[in-house]
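1. Below: sequence and its predicted model.
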Amino acid sequence: RLEASGSHRSRPSSVLCVMHLEYKDIRNTVGNIPVEWYKDFPHIGYNLDGKKIYKPIRNKDELDDFLDKMENPEYWRTVHDKQTGSDIVLSDDQVELVNRLQRGQFGDVNFNEYEPMVEFFSSDVMIHPITNRPADKRSFIPSLTEKEKVSKLVHAIKMGWLKPRRVEDDGRGRYYDLWASEDSSILARHRMHLPAPKIPLPGHHESYNPPPEYLFTDEENCIQTHPPLWEQQDPGDRKLPFVPRKYSSLRQVPAFSHFIHERFERCLDLYLCPRQRKMRVNVNPEDLIPQLPKPKDLQPFPTTQSLVYRGHSGLVRSISVSPSGQWLASGSDDGSVRFWEVCSSRCMKMVQVGGAVKSVAWNPNPSVCLLAVVILSSERLLSAQQEGEEPAEGNGSVVWSEAEGEELNQGVRLKIQHPKAVHQVVWHAKGDYLASVMPDNTSHLQVYIHQLSRRRSQNPFSRNKGLVQCVSFHPIRPYFFVATQRSIRIYNLVKQEMTKKLQANSKWISSMAVHPGGDHVICGSYDCKLSWFDLDLSTKPYKMLRHHKKAVRGVAYHRLYPLFASASDDGSVIVCHGTVYNDLLQNPLIVPVKVLRGHVMTHDLGVLDVTFHPTQPWVFSSGADATIRLFT
Amino acid sequence: MSQIQARFFTEDKRYVVDDVPFSIPAASEVQELSNVINKLLEAKNASHSKVEFDFLVRGQFLRTSLSAHMETESILTEEVVEIEYVERITAPEPEECMMHDDWISSADADAEWILTGSYDKTARIWSTEGKPVMTVPGHTDVVKDVAWVKREGLTSLLLTASLDQTVLLWEWNSERNKVEARHCCRGHAGSVDTISVDPTGTKFCSGSWDKMLKIWSAVPTDEQDEIEEPADRPRKKQKTQQLGLTRTPLMTLSGHSEAVSSVLWCDSEEVCSASWDHTIRIWDVDTGGMKTTLTGSKVFNCISYSPLCRRLASGSTDRHIRLWDPRTKDGSLVLLSLTSHTGWVTAVKWAPSHEHQLVSGSLDNLIKLWDTRSCKAPLYDLAAHEDKVFCVDWTESGLMLSGGADNKLYTYRYSAQQAEA
């Protein structure tokens, strides 16, 4: 039960007042004073006209009150207004309001106390100030009142009326350093105090009388099996280092008798095991990042997708650009080789070769127009203008044959049949030699070098050094790069010996490219890494780039610009800037400059091959979505 | 500030208003200003019918509100602003659509006939009404560029350049509708991508993928030029039946380090060429020497020269159209760049009769009509093509055409009254 207080300040009670006003204005004008002051008077205050308001005749005694309580159903909502002395029956709304206030809620039903907060003032420093009002003029002028005050004080000091506060000059005052004369070595020990490592606070498991949910269930305990599961488990695998058990009193815990002993052991541990303070070096993480030039300053490099070459129906395994930069050849799993005009994305010629095309390579000699094509189970030599190609089959050794009839009309000029499936073909920079790779772990017949002018093939290696992934010729010197699963070997073809072995630090090399200067090699691997080797520096990678999310499928250098690119199964091509300096003391500058996306992921494969335009800073990429894309 | 003092003037005699300053609301836009001018003209001349106007403030088209424009151009609002007004250029009206069998690589139109080159190895002649007149087969590979040489009565001379490294000079009789190959111009060692006929119609210049420019005579004769044959070259190739008499170049201009993508004659003695080596070079045909080099930063796909405003417009692979002044010596000064395309700009052409208008086509399937006085945005986008656009052209008779990889050649009629003004 709540008695309405005398004050009418809150909004709901003013509603109540209005209700009174409707029939009779008996507002009391005495204000918010204790009602007891009018205890001895017949009236309880004055109305608006200054007339006395008399107390209502109250002849109810305790009995009447009790009867009223028993019989009147409205009794519980009747309150006594002390200021007017009358009884008021509260309406439903008022009762609800009282209940809300009692529950600590807001009086207004419609007020939402959980409205989202609008942060007018945040920690962010905004570029626009909250007020842009210029500073007042008065903040620039010395205050006159202050000047007056100060001059009064100065005058008082001059006249000797005002004396500065006396400095208490007692050497041994109330406070002094107790340990000032203490031995410094003792103090140093205090300062270097190392707190003992904290042991974790005991939980419910450790209780002598744990709640039943902390005890092991029968399954966990495996009472049936002997010994119990907990004992079978390796100490490292156990959920708890002990088995919680229930005891009726602390005294019965078996460890109780060992308690003192255990504490002593711990103290002994702390005492005998010297602890050492480790100084942590505070390094700003920003300082650890090397200073690299901004990609914007390293223009030109490809930034946007310009053309899409559509037409293939299978995934495009390999692409190659003609040395003039006018034509693009692509080999696809749909068994066709297509020739595209670079500037218009027009497919100018399609040759059906009858087998998935694994690799295409354009002869780098600009005076002849030849394209080497690897067809699964056969390799060919295509000449463009009209083109020629090269397949491989049979056993034992390599068979050369001239193309005839229908194939000649299609542009096929030469076929080189290999004993095993060929995976890659590369040309020497002069364009007379080409090398083909037949990965096979069991035989030494993995690489063939063919000479075109003499129609001769030879196997340069007599021993099997691991599964060959790809090969490459040195652009200037008579070196030959062979990438196996884990390493890259460099052979001198004139001296017929191995000169270097590069450790790639990756699990499985997928692709390799040699810098046009010949002193640097990049190789991509199936474990998402791209390694840059500086041949003059070390046999270990100079730099590892781990920007790709999935296996790297292809890498390429630009012939003229300091650019290289890597293609990956995550559907992106990453173009990096890689300046190589003539000065041997200066390491190459490698800056990733652009991620090029566009290829659609198909069968979990993204971009399969990447190659640069020979003269422009453009990059072509071929993907599993049967398209080739040009980024400029 | 709500009012601006402005004085209106125009070059057009029909729409002259009194040369007095008016006070106009600063927030007024083109439509409101146009209404103002129309009101003034009606007050002067009762028979005036409503005309839409465009407004130029200091040589720039007004596209936003007047106050915003003056703020961006940093023009003082206290003084009286001089506003020029011209009749608004209406949108080009699409006229005809000519279907080809294959991609259209090039188009050249004169007053009566349209000549197109196509990837199906033929050139075609159409009437301007869109009627197919003639197919010119003869090349063994894609026709890359075509050009009219001259017309004398009913016989016309035309040129086709092709990927098969030759340029063919044809004579076409429009009455008998017969075409005859007169000369086969041999000498290039790469695909001939571009040709251009000199203003007199006696010479033409060709640019090729082999980095060379060659000047040839365009006058048909009955003699065959001797071609000096390389000794080691197999004779087999020569046996193939050849159309017309062999012709050799008068002059070879070498200097580009990459493929030549576009050539044109600035005047009768000057050839201008754009190349993939990021340069535009201007050559003197008399001496065979190079006069000027303009260096850009991206591959140039196309250039166009307007004798009216003496500017070169170039379209390049970075989506910009740039305007150059060819008279600057060794300068690479870009006067203006127009940016709105989202793909390579493959074709630009100045209007033959208007010094400010040009049209451009791009790999983003769009044709854009530009006015150099409003360089922020094109006047109109023509989105008729469904594939890459390769060529655009204008005729003086008010026809605009464009062709591309969707095998369609569209013609548009543009407002030619601008030319009369």
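-> Received the coordinates, thanks.
2. In terms of secondary structure, what does the longest strand seen in chain B contact?
-> If you go by DSSP state E, chain B has its longest strand at strand B:143-152. Packing partners of strand B:143-152 (3 or more CB pairs under 8 Å, 6 or more residues apart in numbering or on different chains; DSSP states H and E): strand B:104-109, strand B:113-118, strand B:122-127, strand B:155-162, strand B:192-197. Placement of C-beta: from N, CA and C, glycine included.
3. For the stretch 151-300 of chain A, which segments are assigned as strands?
-> Shown for the stretch 151-300 of chain A, no strands are assigned by DSSP state E, counting those that start in this stretch.
4. Give me the three-state assignment for the spatially most central residue of chain B.
-> The centroid of chain B falls nearest to B:Lys349 when counting by CA atoms, centre = their mean (1.7 Å). Secondary structure state of B:Lys349, per DSSP: H, G, I helix; E, B strand; the rest coil, is strand.
5. swap in A:Lys69?
-> Put simply, A:Lys69 is helix when judged by three-state DSSP.
6. Kindly provide the distance from it to A:Leu268.
-> Note on A:Lys69: its distance to A:Leu268, by CB to CB, to the nearest Å, is 76 Å.
7. Write out the residues of the stretch 101-250 of chain B neighbouring chain A.
-> B:Trp103, B:Ser105, B:Tyr119, B:Val142, B:Gly190, B:Ser191, B:Trp209 (CB under 8 Å from any CB of the partner chain).
8. out of the residues you listed, who has the most neighbours?
-> Within these, neighbour counts (other CB atoms under 10 Å in any protein chain shown) peak at B:Ser105, which reaches 26 neighbours.
9. Excluding sequence neighbours, find me the nearest residue to it.
-> Distances taken as CB to CB, 6 or more residues apart in numbering or on different chains place B:Gly117 nearest to B:Ser105, at 4.9 Å, with adjacent residues excluded.
10. Who does that neighbour form a beta bridge with?
-> Beta-bridge pairing for B:Gly117 (DSSP bridges): B:Ser106, B:Ala123.
11. need the contact list for it.
-> By CB atoms under 8 Å, 6 or more residues apart in numbering or on different chains, B:Gly117 lies in contact with B:Ile104, B:Ser105, B:Ser106, B:Ala107, B:Ala123, B:Val143, B:Lys144, B:Asp145, B:Val146, B:Thr160, B:Ala161.
12. Quick check: pLDDT value at residue 281.
-> I went with chain A, as the question did not name one. A:Val281 carries a pLDDT score of 81 in this model.
13. I was thinking of chain B, sorry if that wasn't clear
-> Residue-level confidence at B:Arg281 comes out at 88, pLDDT.
14. residues touching the closest residue to B:His341 other than its chain neighbours, list them.
-> With CB to CB, 6+ apart as the criterion, B:His341 has its nearest non-adjacent residue at 4.1 Å, and that residue is B:Ser362. Residues near B:Ser362 by CB under 8 Å, 6+ apart: B:Gly315, B:Arg319, B:His341, B:Thr342, B:Gly343, B:Trp344, B:Val345, B:Thr346, B:Ala347, B:Lys368, B:Val389.
15. Tell me how far A:Val412 lies from A:Leu371.
-> As judged by CB to CB, A:Val412 and A:Leu371 stand 10 Å apart.
16. Where does the prediction get shaky in chain A?
-> Chain A contains residues with pLDDT under 70 at A:1-26, A:168-173, A:187, A:189-190, A:219-227, A:377-399, A:403-405, A:407.
17. can you give me the helices for it?
-> Under the criterion DSSP state H, chain A contains helices at A:11-23, A:62-71, A:92-102, A:144-159, A:184-191, A:218-221, A:229-232, A:259-272, A:285-288, A:405-410.
18. again, but for chain B
-> Using DSSP H, the helices of chain B run over residues B:30-44, B:66-72, B:236-239, B:417-420.
19. Kindly reformat those as CSV containing mean pLDDT and mean neighbour count.
-> Formatted as CSV, these follow (pLDDT from 0 to 100; neighbours: other CB atoms under 10 Å in any protein chain shown):
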stretch, mean pLDDT, mean neighbour count
helix B:30-44, 81, 16
helix B:66-72, 78, 17
helix B:236-239, 46, 8
helix B:417-420, 44, 13
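20. Residues of the stretch 251-400 of chain B that sit close to chain A?
-> B:258-259, B:276-277, B:297-299, B:301, B:317-318, B:343-344, B:363, B:388, B:390.
21. As TSV, the residues of the stretch 101-250 of chain B next to chain A with pLDDT would be great.
-> Compiled in TSV, these are given as follows (pLDDT from 0 to 100):
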residue	pLDDT
B:Trp103	89
B:Ser105	89
B:Tyr119	89
B:Val142	88
B:Gly190	86
B:Ser191	88
B:Trp209	88
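22. Those: which two are farthest apart?
-> The largest separation in these, counting by CB to CB, is between B:Trp103 and B:Gly190 at 20.0 Å.
23. just to revisit the earlier point, among the contacts of B:Gly117, which one has the most neighbours?
-> In terms of neighbours by other CB under 10 Å, these top out with B:Ala161 at 31 neighbours.
24. got the contact list for the residue nearest to that one when sequence neighbours are not counted?
-> Nearest residue to B:Ala161, sequence neighbours excluded (CB to CB, 6+ apart): B:Val192, at 3.9 Å. For B:Val192, the contact set (CB under 8 Å, 6+ apart) comprises B:Lys144, B:Asp145, B:Ala161, B:Ser162, B:Leu163, B:Gln165, B:Thr166, B:Val167, B:Ser206, B:Gly207, B:Ser208, B:Trp209.
25. Let's see that with 10 Å instead.
-> Contact analysis of B:Val192 by CB atoms under 10 Å, 6 or more residues apart in numbering or on different chains lists B:143-145, B:159-167, B:185, B:206-210, B:212, B:214, B:260.
26. List buried residues within those residues.
-> Listed as buried from the contacts of B:Val192 are B:143-145, B:159-167, B:185, B:206-210, B:212, B:214, B:260; burial here means 16 or more other CB atoms under 10 Å in any protein chain shown.
27. For B:Arg413, give me its contacts.
-> Counted by CB under 10 Å, 6+ apart, B:Arg413 has contacts B:Thr90, B:Pro92, B:Glu93, B:Pro94, B:Glu95, B:Glu96, B:Ser397, B:Gly398, B:Leu399, B:Met400.
28. Please identify which pair of the residues you listed lies farthest apart.
-> The most distant members of the contacts of B:Arg413, if one measures by CB to CB, are B:Thr90 and B:Glu96, lying 18.4 Å apart.
29. Tell me how many other residues crowd B:Ile75.
-> For B:Ile75, the count of nearby residues is 16 (other CB under 10 Å).
30. check contacts around it.
-> B:Ile75 is in contact with B:Ile4, B:Val57, B:Arg58, B:Gln60, B:Leu66, B:His69, B:Val81, B:Glu82, counting by CB under 10 Å, 6+ apart.
31. Ignoring the adjacent residues along the chain, who's closest to residue 249?
-> Here I'm looking at chain A. A:Tyr208 (7.4 Å).
32. meant chain B, my bad for not saying
-> Closest residue in space to B:Pro249, ignoring its immediate chain neighbours: B:Lys214 at 3.9 Å, by CB to CB, 6+ apart.
33. Tell me if I'm right that the one you found and B:Ser196 touch.
-> No: using CB atoms under 10 Å, B:Lys214 is not in contact with B:Ser196, being 11.5 Å away.
34. export the contacts of B:Arg413 to TSV and tack on distance to A:Val89 and pLDDT?
-> Listed next are those as TSV, based on distance: CB to CB, whole Å; pLDDT from 0 to 100:
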residue	distance to A:Val89	pLDDT
B:Thr90	83	77
B:Pro92	86	81
B:Glu93	86	82
B:Pro94	85	83
B:Glu95	91	82
B:Glu96	93	82
B:Ser397	99	82
B:Gly398	94	82
B:Leu399	95	85
B:Met400	91	87
